[in-house]
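Engineer: Return atomic coordinates for the entry below.
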Amino acid sequence: MRIRILAGVAAVAIVGAIGTAVAYKVDDKIQVAAAVDDFRLADHEGFAHSLRRLNDVDAVVLLSHINGDAGSRTAAKALELLKTKYPKVEFMMLNSALGATRDQNAAEAKVQGLTIPILQDEHQLAGEQLGVSYAGEAFVLQPRTLKVLYHGNVDGAGKALADIAAGKMPSVAKMEGSGTEIAFPERQRRAQHAQISYEKDVAPILMAKCVSCHQDGGIGPFAMKDYAVVKGFAPMIREALRTDSMPPWYPDTSAMKLKHDGSLSNEQIKTIVHWVEAGAPRAGGPDPLAAVATVAPEWPNGKPDLILNIPSHELPASGVVDYQTKIASDPTTKSRWVKASAFLPGDRRAVHHILAGHIPGKPLEGPASMSQWQNSYGQYGTGGRRLGGAGRVGRRAAGKRSYGLPDALYALWQGERR
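Structural biologist: Numbering: from 1, shown residues only. Alright, predicted model coming up:
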């Protein structure tokens with residue numbers, strides 16, 4: 001996937017030194033949801049899968065899975081056969097078992113010779129909402145609407161796909177099946193979900209992880225300034241968490257832990273999602289978000305030592321705008337060691353991210369080429385030592401208004417730069 005930018009930048013500063021379809025339980029029987037809510041989950045090879053992106057296939061088939069389970073393995077082999085028969089159908093397996101890991105999924109896929117991806121539902125939110133109850137349970141989904149057209153054993157899924165291939169709706173929407181039970185503890189806690197406290201449980205998470213961007217004047221599209229705003233955006237917040245689009249922290253946390261981790265823990269994610277599914281209740285009393293509502297500073301690092309104006313860009317009313325390589329000039333001749341930088345967009349709604357670097361020998365007039373810009377990264381120094389040829393100025397992206405270098409690391413900024 002290629003990501004393109006909508007530009008409209010004003011200046012760069014250089015600083016020296018609720019309505020959801022949820023499965024539920026009635027008389028010890030799981031009622032399958034009428035439609036699946038979108039999710040984004042990583043498979044056993046680390047690739048992400050999102051249901052909403054699968055709009056060019058005839059159908060989507062999900063199969064619940066437990067590693068090492070005999071019934072799961074039998075169902076997986078049957079699914080592999082269906083995959084060879086229906087090339088216009090997307091097949092995926094969903095592992096919602098508690099404690100399962102991606103490495104275990106990868107080992108299972110290798111041992112069984114599976115070509116179908118095994119998705120890791122580590123929060124159990126996908127399987128919980130869909131209505132998964134046992135290993136080897138198949139779900140046939142309609143693309144775009146994500147309606148559940150069929151659920152039950154794999155044999156029935158094959159018959160449903162045959163109907164779809166013939167241009168018909170599945171004649172049978174459900175077939176009984178059985179397999180190893182998959183435990184979803186949160187299904188038994190619906191009453192407790194209604195007791196999740198906005199004041200004590202939800203607001204502190206938002207204050208710690210979200211408000212720095214979602215404040216008046218911040219980079220977020222709306223300000224989480226009080227309960228009323230959060231409740232109004234609650235369905236969107238739930239979707240953003242289920243699809244892993246927010247918070248904007250994309251390193252693979254299964255590989256390593258990084259400093260300044262901006263992600264939410266599994267428990268934090270489940271707390272907010274279940275609170276939204278319970279109707280986003282509030283007990284009353286002082287609103288923690290309203291009490292600390294702030295306005296984002298114009299320059300997050302304080303008053304800049306140098307401000308460079310970047311030419312504006314006129315945005316069309318619709319369409320795609322490719323990367324824009326704008327030129328900003330430093331009229332001074334003074335060289336500096338730069339510690340941090342920040343960007344101030346002309347219109348925050350139009351700017352997703354900015355990458356800035358120095359292009360040696362570039363005249364002020366005329367645009368830069370993409371190859372010139374791509375070669376403009378480098379030139380870090382520690383203790384005055386130069387490490388490259390060109391120079392990186394900084395970047396701005398969702399969740400990151402400013403760019404600072406680690407301790408004892410500086411970028412050399414030379415006067416008359418472009």
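Engineer: In this protein, where is pLDDT below threshold?
Structural biologist: 1-29, 359-393, 398-399, 414-418 (pLDDT under 70).
Engineer: Which helix in it has the most residues?
Structural biologist: helix 70-85 (DSSP state H).
Engineer: Show me the helices in the chain, by range?
Structural biologist: Under DSSP H, the chain gives helices at 70-85, 102-112, 125-130, 154-165, 190-193, 203-209, 227-232, 234-242, 266-277, 288-291, 370-374.
Engineer: CA-only coordinates of the first one in PDB, if you can.
Structural biologist: C-alpha atoms of helix 70-85 as PDB (Å, rounded to 0.1, in the frame of the first residue of the first chain):
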ATOM      1  CA  ALA A  70      -7.400 -32.300  16.500                       C
ATOM      2  CA  GLY A  71     -10.700 -30.800  15.500                       C
ATOM      3  CA  SER A  72      -9.000 -27.500  14.500                       C
ATOM      4  CA  ARG A  73      -6.500 -29.400  12.400                       C
ATOM      5  CA  THR A  74      -9.200 -31.400  10.600                       C
ATOM      6  CA  ALA A  75     -11.200 -28.300   9.900                       C
ATOM      7  CA  ALA A  76      -8.000 -26.400   8.700                       C
ATOM      8  CA  LYS A  77      -7.200 -29.100   6.100                       C
ATOM      9  CA  ALA A  78     -10.800 -29.000   4.900                       C
ATOM     10  CA  LEU A  79     -10.500 -25.200   4.600                       C
ATOM     11  CA  GLU A  80      -7.300 -25.600   2.600                       C
ATOM     12  CA  LEU A  81      -9.200 -27.700   0.100                       C
ATOM     13  CA  LEU A  82     -11.900 -25.100  -0.200                       C
ATOM     14  CA  LYS A  83      -9.200 -22.500  -0.800                       C
ATOM     15  CA  THR A  84      -8.100 -24.300  -3.900                       C
ATOM     16  CA  LYS A  85     -11.600 -24.600  -5.200                       C
END
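Engineer: Could you figure out how far that helix is turned away from helix 102-112?
Structural biologist: If you take axes from the mean of the first three to the mean of the last three CA atoms, to 10 degrees, helix 70-85 sits at 70 degrees to helix 102-112.
Engineer: Give me the buried positions along helix 70-85.
Structural biologist: Gly71, Ser72, Arg73, Ala75, Ala76, Ala78, Leu79, Leu82 (16 or more other CB atoms under 10 Å). Yep, even glycine has a C-beta here, placed from its N, CA and C like the rest.
Engineer: Determine the angle, from 0 to 180 degrees, between it and helix 154-165.
Structural biologist: Using the same axes, to 10 degrees: helix 70-85 against helix 154-165 is 20 degrees.
Engineer: Any chance you could list what contacts helix 70-85?
Structural biologist: Residues outside helix 70-85 that contact it (CB atoms under 8 Å, 6 or more residues apart in numbering): 61, 63-66, 89, 91, 93, 112, 114-116, 134-136, 138, 153-155, 157-158, 161, 178-180.
Engineer: can we see that at 7 Å?
Structural biologist: Helix 70-85 is touched from outside by 63, 65-66, 91, 93, 112, 114-116, 135-136, 154, 157-158, 161, 179-180, with contacts defined as CB atoms under 7 Å, 6 or more residues apart in numbering.
Engineer: Which of the buried residues of helix 70-85 sits closest to Ala350?
Structural biologist: Leu79 (44.3 Å; CB to CB).
Engineer: any idea how far the closest one is from Ser133?
Structural biologist: 18 Å (CB to CB, to the nearest Å).
Engineer: repeat for Leu355
Structural biologist: Taken as CB to CB, the span from Leu355 to Ser133 is 47 Å.
Engineer: Please say which of these two ends up with more neighbours.
Structural biologist: Neighbour totals were compared for Leu355 and Ser133, and Ser133 leads with 22 against 19 (other CB atoms under 10 Å).
Engineer: shouldn't that one be in contact with Ser64?
Structural biologist: No - counting by CB atoms under 7 Å, Ser133 does not reach Ser64; the two are 8.1 Å apart.
Engineer: So for those two, which residues contact both of them?
Structural biologist: In contact with both Ser133 and Ser64: Ile182, using CB under 7 Å, 6+ apart.
Engineer: Quick check: the gap between Val229 and Ala290.
Structural biologist: Relative to Ala290, and taking CB to CB, Val229 is found at 10 Å.
Engineer: more crowded one of these two?
Structural biologist: Val229 (16 against 13).
Engineer: correct me, but that one touches Phe222?
Structural biologist: Yes - applying CB under 7 Å, one finds Val229 in contact with Phe222, separated by 6.5 Å.
Engineer: so what's Ile66 up against?
Structural biologist: Ser72, Asn95, Ala97, Ala135, Thr180, Ile182.
Engineer: same check, this time on Phe222
Structural biologist: Contacts of Phe222 by CB under 7 Å, 6+ apart are His214, Val229, Phe233.
Engineer: so who does the second one touch?
Structural biologist: Right, the one you point to is Val229. So Val229 contacts Phe222, Ala223 (CB under 7 Å, 6+ apart).
Engineer: Equivalent analysis for Val276, please.
Structural biologist: Contacts of Val276 by CB under 7 Å, 6+ apart are Ile18, Ala234, Pro235, Ile237, Arg238.
Engineer: buried subset of these?
Structural biologist: Ala234, Pro235, Ile237, Arg238.
Engineer: if we take those residues, which one ends up nearest to Ala283?
Structural biologist: Nearest member of these to Ala283, counting by CB to CB, is Ala234, at 15.9 Å.
Engineer: correct me, but that closest one touches Ala280?
Structural biologist: Yes - contact criterion CB under 7 Å: Ala234 and Ala280 qualify, at 4.4 Å.
Engineer: Could you pull out the buried residues of stretch 109-126?
Structural biologist: For stretch 109-126, by 16+ other CB under 10 Å, it's 109, 112, 114, 116-126.
Engineer: Mind listing the strands the top strand by length along the chain pairs with, and their directions?
Structural biologist: Ranked by residue count under DSSP state E, the longest strand found in the chain is strand 336-345. Here strand 336-345 is paired, per DSSP bridges, with strand 9-16 (antiparallel), strand 402-404 (antiparallel), strand 410-413 (antiparallel).
Engineer: Now the terminal residues of stretch 265-285, how far apart.
Structural biologist: Using CA to CA, to the nearest Å, the end-to-end distance of stretch 265-285 comes to 27 Å.
Engineer: Centre of the chain to that stretch, how far?
Structural biologist: Stretch 265-285 sits 19 Å away from the centroid of its parent chain (CA atoms, centre = their mean, to the nearest Å).
Engineer: can you check stretch 395-404 too?
Structural biologist: Once both centres are worked out by CA atoms, centre = their mean, stretch 395-404 turns out to sit 17 Å from its chain's centre.
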